[in-house]
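Student: sharing a model that was predicted from the sequence below.
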Amino acid sequence: MSNASVFALIDCNSFYASCERVFRPDLAKVPIVVLSNNDGCVIARSYDAKPFIKMGEPYFLIKHKLKQHGIIPFSSNYALYGDMSERVMTLIESMVPAVEIYSIDKNKLHTVDAQT
């Protein structure tokens, strides 16, 4: 057997939308979208909002669709997303020897050598 480095990629899905739901458990089954600065366009969607709203759609053009499908819009809260990202990173770093942070919701993990 030989030793080979093993890498893993972690991507937190619908991260901004998921962060909004952490402190609003009443929205667990409610579709939501997160809007860019000044509520310009959609930058994140929960899975249940994705069939109805496209990424990047301007908010002023989709207000009727949001109402029609019961989708709740949130203004972006980058302080919250940064805090939640730091919590996720801390948890991951406690379990693997090396982590390369790629973005606020993505990490490349360097695991211990694995036998192949």
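Tutor: Received, thanks. Residues are numbered from 1 along each chain as shown.

Student: surely Ser76 and Ser36 touch.
Tutor: Yes: under the criterion of CB atoms under 8 Å, Ser76 is in contact with Ser36, at a separation of 6.1 Å. Placement of C-beta: from N, CA and C, glycine included.

Student: now Gln68: how far from Asp48?
Tutor: Applying CB to CB, to the nearest Å, the value for Gln68 to Asp48 is 14 Å.

Student: swap in Phe60?
Tutor: 22 Å.

Student: more neighbours: those two, which one.
Tutor: Remark: of Phe60 and Asp48, Asp48 carries more neighbours, 16 against 9, as counted by other CB atoms under 10 Å.

Student: give the contact list for the closest residue to the more buried one other than its chain neighbours.
Tutor: The shortest distance from Asp48 to any non-neighbouring residue, by CB to CB, 6 or more residues apart in numbering, is to Pro31 (4.1 Å). Counting by CB atoms under 8 Å, 6 or more residues apart in numbering, Pro31 makes contact with 45-46, 48-49, 52, 69-72.
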